[in-house]
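Undergrad: Next comes the sequence, and after it the predicted model I'd like to discuss.
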Amino acid sequence: MSALSFEDLNIWFGEGRDRVDAVKHATFEVARGESFGLVGESGSGKSTIMRALTGLVPHCSGRMAVNDQPLGRKRDKTFYKTVQMVFQDPYASLHPRQSVDQILSETLRLHGFRDIDPRIEKLLDDVGLGPAFRFRYPHQLSGGQRQRVAIARALAPEPSILLLDEPTSALDVSVQAEILNLLTDLRAEHDLTFLMVSHDLAVVAHMCERIAVMQAGEIVEVLSVEEMRAMTPSHPYTKQLLEASLGYSRSEVEAVV
């Protein structure tokens, strides 16, 4: 059974002459328990696919399904109890005037939980924050601590699928590895499925088993991380991405010039 499936997904913005096709004929599946990455340059359509899944795009066609259940036009409470998202910027994704306690309490109440106090304590413990952080406000936290709170909020409804939209790109390099390792541990502990967007191939190689490579709104290749590490892609764009991730190459630059 697939946790997520996308079949001939098309997403566009505007109409007529103003129409821009952001995603074209995207087809792929994410198995239960898998960590699947979407990679490509900025504007290739990676995050747009996530927004379509959560119902945040105005126009799309094709088929999307969660746990083999097709999605309609609207998302209900069952969807948001199953699927949660961790956003790129922890500075923007938390309400600045709500304490950590308020942020987590509100989420738990919205999803019908009553045993709020023990759940908050467990969530904070799961993400490596002790009880001392419960009544702090976002401005009193570091970037890494804010992202841990955002992860705790995503875990609050007890989802089985997490959407990770560049979850470490806004953080200091020294903190990125801590958050990635935390996510890896949480995936194992909670039997989670990940769909992860990133432009950083090293992050994807650390987190995912398979990746889909996007270029100009199209998925040009789906390959395993083993194939990526062995530098054996079948599409020239994927090869170009992999070579670029290895660093500066004088011959490549001269060829472009």
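TA: Yep, that arrived.
Undergrad: Tally up the residues packed near residue 132, please.
TA: 8 (other C-beta atoms under 10 Å). Where C-beta positions appear, they are placed from N, C-alpha and C, glycine not excepted.
Undergrad: what's the first-to-last distance across stretch 64-75?
TA: 12 Å (C-alpha to C-alpha, to the nearest Å).
Undergrad: Give me the phi and psi angles of residue 76.
TA: The phi/psi pair for residue 76 (degrees, to the nearest 10) reads phi -100, psi -180.
Undergrad: From residue 130, how far off is residue 182?
TA: 15 Å (C-beta to C-beta, to the nearest Å).
Undergrad: Looking at these two, which is more packed in?
TA: residue 182 (18 against 9).
Undergrad: For that one, give me its contacts.
TA: Counting by C-beta atoms under 8 Å, 6 or more residues apart in numbering, residue 182 touches 127, 128, 148, 151.
Undergrad: Go through the helix or strand where it lies and flag the buried ones.
TA: Assessed by DSSP states H and E, residue 182 sits inside helix 173-190. Going by neighbour count (16 or more other C-beta atoms under 10 Å), the buried part of helix 173-190 is 175, 176, 178, 179, 180, 182, 183, 186, 187.
Undergrad: can you give me the offset of that helix from its chain's centre?
TA: Computed by C-alpha atoms, centre = their mean, to the nearest Å, the separation of helix 173-190 from the middle of its chain amounts to 13 Å.
Undergrad: Over to stretch 86-103?
TA: With C-alpha atoms, centre = their mean, you get 17 Å for stretch 86-103.
Undergrad: cool, stretch 172-183 as well?
TA: Worked out by C-alpha atoms, centre = their mean, stretch 172-183 lies 15 Å from the chain centre.
Undergrad: which residues touch stretch 34-46?
TA: So stretch 34-46 is contacted by 3-4, 11, 22-23, 26, 28, 30, 49-50, 187, 193-199, 201, 204, 207-218, 241 (C-beta under 8 Å, 6+ apart).
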